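Undergrad: with the sequence up front, the predicted model follows.
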Amino acid sequence: MRQLLPELQQIEAIIQANKTHLCTKILCHVPCNEDLLPVYALILGNNAPNIPCVTYVAGIHGLERIGTQVVIAFLEGLLERLKWDRVLAEILQHVRINILPIINPVGMLNYTRANGQGVDLMRNAPVDSHEKTILLAGGHRISSILPWYRGKSGQAMQPEAKALCDFIVQEVLPAPFSLVLDCHSGFGYRNQIWFPYARSRLEPIKHLKEVCCLRKLFMQTYPYQDYLFEPQSQYYLVHGDLWDFLYLKSLERNNIFLPLTLEMGSWRWIRKNPLQLRQLLGLYHPIKPHRLNRVLRSHLILMEFLLHATLSYQNWLNQSDAQELEQQALALWYS
């Protein structure tokens, strides 16, 4: 099966070539026909529990493999720099980088959004929307034949979703500060950065001012970027969102956990090349090589920014204590 999944082969080649720098964990194995496919976590930097950490996640939806490729490209760049970049080596003494590049290997192998059991992993957490969701797309329990299936009521989380959640709870939430970037594609013309909640349009997250400060910091540092930075609830509500579930878990601690979702605007690729819709992958992935290369490099600024924002969180978090910042966020997103 591995030979049919080039991204998994690429990850395993990276692991073999970089054992000095990378710590590797297999979070679970997922059955696929007569084979078992691993879900990997690759870890760079300081493993001390009091160190801030940034986590890059991809491949939750099997059709959205561009997210996996973007995360791999970022990791390869870091590993190449470690051969000569003293500054990066020093940075990694003070921060931890977690990379979970393919959460749903069976879905990616089968060219499906859902996992091998027909469950949409981003609708699989035990948390419900407080408000009315979009029919079907908000998550349902009707049948795995239909897209956006949550799984049966009362059933345990799918192994891939549970492995991700267990890793975040055990390895990420103990950090004094942590950021997550979960990479997806397939929504709109603009690149969008979403933060919780996906369950409510009315309820802001507890760390709204911190998110607003991070957004302001990013836009001031990179004023020519084209990302929209908004709560997911601005677009649609869902049941079972993994990051809602994990953010609620994080509130049991005194640490700060800010999960972000990158939605790459795949409609722009379709607008420039409508013929790629002849392929199922074309709705979610840039087909022409020059567009693929452009996407692989275009998000590196964001990923590098989040690394440095995590490393230096104490510097900019001091700015987020101002009451007017929270009022600005409420006016911007919840007026």
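TA: Thanks, I have the structure now. It should be emphasised that the depicted structure is a prediction, and the values quoted were computed from it without experimental measurement.

Undergrad: residue ranges for the strands of the stretch 201-335 of the chain, please.
TA: 228-231, 256-264 (DSSP state E, counting those that start in this stretch).

Undergrad: okay, now the unreliable bits of this structure?
TA: 1-3, 277, 280, 282, 319-321 (pLDDT under 70).

Undergrad: please enumerate the helices of it.
TA: With DSSP state H, the ranges of helices along the chain come out as 6-17, 65-81, 86-91, 105-110, 159-167, 208-221, 242-250, 267-272, 289-298, 300-311, 313-317, 323-333.

Undergrad: got the CA positions of the fourth one in PDB?
TA: In this case it means helix 105-110. Extracted C-alpha coordinates of helix 105-110, given in PDB (Å, rounded to 0.1, in the frame of the first residue of the first chain):
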ATOM      1  CA  PRO A 105      -3.800   7.800   5.400                       C
ATOM      2  CA  VAL A 106      -6.600   5.400   4.200                       C
ATOM      3  CA  GLY A 107      -8.700   8.300   3.100                       C
ATOM      4  CA  MET A 108      -5.700   9.800   1.200                       C
ATOM      5  CA  LEU A 109      -5.000   6.400  -0.400                       C
ATOM      6  CA  ASN A 110      -8.600   6.000  -1.400                       C
END
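
Undergrad: show me what it is packed up against.
TA: helix 6-17, strand 23-32, strand 35-45 (3 or more Cβ pairs under 8 Å, 6 or more residues apart in numbering; DSSP states H and E). C-betas here are computed from N, CA, C, even on glycine.

Undergrad: and the contacts of the second one?
TA: Think strand 23-32. 1, 15, 36-44, 47, 100, 105-106, 109, 115-116, 159-160, 162-164, 166-167 (Cβ atoms under 8 Å, 6 or more residues apart in numbering).

Undergrad: try 6 Å
TA: 1, 15, 36-39, 41-43, 106, 159, 163, 167 (Cβ atoms under 6 Å, 6 or more residues apart in numbering).

Undergrad: again with the last one
TA: Where contact means Cβ under 6 Å, 6+ apart, the residues beyond strand 35-45 that reach it are 1, 11, 22-30, 92, 95-100, 105, 160, 163, 167.

Undergrad: over to stretch 92-105?
TA: Contacts for stretch 92-105 (Cβ under 6 Å, 6+ apart): 8, 11, 37, 41-46, 51-60, 62, 68, 71-72, 75, 115, 121, 160, 164, 310-311.

Undergrad: what comes up buried for that stretch?
TA: Within stretch 92-105, the residues that count as buried by 16 or more other Cβ atoms under 10 Å are L92, V95, R96, I97, N98, I99, L100, P101, I102, I103, N104, P105.

Undergrad: please identify the buried residues of stretch 171-185?
TA: In stretch 171-185, counting by 16+ other Cβ under 10 Å, buried: 171-173, 175, 177-185.

Undergrad: can you count the residues close to I168?
TA: 25 (other Cβ atoms under 10 Å).

Undergrad: let me fix that, I meant to ask about T20.
TA: Around T20 there are 7 residues (other Cβ under 10 Å).

Undergrad: need the nearest residue in space to G116, chain neighbours excluded.
TA: Nearest residue to G116, sequence neighbours excluded (Cβ to Cβ, 6 or more residues apart in numbering): V106, at 3.9 Å.

Undergrad: ok, for L121, nearest residue in space, not its chain neighbours?
TA: A161 (4.7 Å).

Undergrad: what separation do you get for the one you found and P38?
TA: 16 Å (Cβ to Cβ, to the nearest Å).
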